[in-house]
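> From the sequence below, what's the structure:
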Amino acid sequence: MEAQKTITEEQLPLIQNEQLVIVTENNQKKILLTELQIDEWCEKIDHYLTTMTPHWDPEFDSATISKELHFNRTYLSIVISTKKHLRFENYINKLRIADLQALIMSELINNRPKYTLEYYAHKVGFHSRSSFNKAFKLNTGLTPTQFLSQIIYP
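You can find the predicted model right below:
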């Protein structure tokens, strides 16, 4: 492992492509990764999530993906927040909502979904209808019912 440097946030732009530790004002350390590491890890995360869809499991969490991809959970959090600008849970919910919308659109029969919204929500990993509704609204700006209305009555 490369030696780590301790720098202040003001010095950050002066150093590139080295693994860093930033000491914040209250003496807490933040671990940073190189841009190359972040890009590589983000590609691995995206590939894993899109090909395996482990996030469809309601018990899926950051520990699961960290173990599966041999990533440190802190680094995983840094990669997701840096590249996706979201917390891990919000990123997973965003993926679940996108998957749910794609499933619904692929299973339309006479402009109506084949199954209920609750079925699709459980299929893509939501524990409850309330968490699904909240995540759906946050990610689309619509309630699930409004989304369905746009499909059924365009």
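
> Show me the domain layout of the protein.
Listed domain ranges for the chain are 5-86, 92-152 (source: automatic domain parsing).

> Can you give me the first-to-last residue distance of the last one?
What that stands for is domain 92-152. By Cα to Cα, to the nearest Å, the extent of domain 92-152 from end to end equals 27 Å.

> related to what we said a few turns ago, just say which of the domains of the chain is most tucked in.
Ranked by mean neighbour count, the domains of the chain are led by domain 92-152 with a mean of 16 (mean count of other Cβ atoms under 10 Å). For glycine as for every other residue, the C-beta is placed from the backbone atoms N, C-alpha and C.

> coming back round to it: could you identify which of the domains of the chain has the lowest mean pLDDT?
Lowest mean pLDDT within these: domain 5-86, at a mean of 78.

> Tyr120 and Met52: what is the separation?
19 Å (Cβ to Cβ, to the nearest Å).

> Spatially central residue for the protein, please.
Note on the chain: the residue nearest the mean C-alpha position is Tyr91, at 2.2 Å, using Cα atoms, centre = their mean.

> which residues touch that one?
By Cβ atoms under 8 Å, 6 or more residues apart in numbering, the contact set of Tyr91 is 80, 84.

> What strand or helix carries it?
helix 88-106 (DSSP states H and E).

> any idea how far the helix or strand following that helix is from the chain center?
Sequence-wise, the next helix or strand downstream of helix 88-106 (DSSP H and E) is strand 108-109. Centre-to-centre, strand 108-109 and its host chain are 28 Å apart (Cα atoms, centre = their mean, to the nearest Å).
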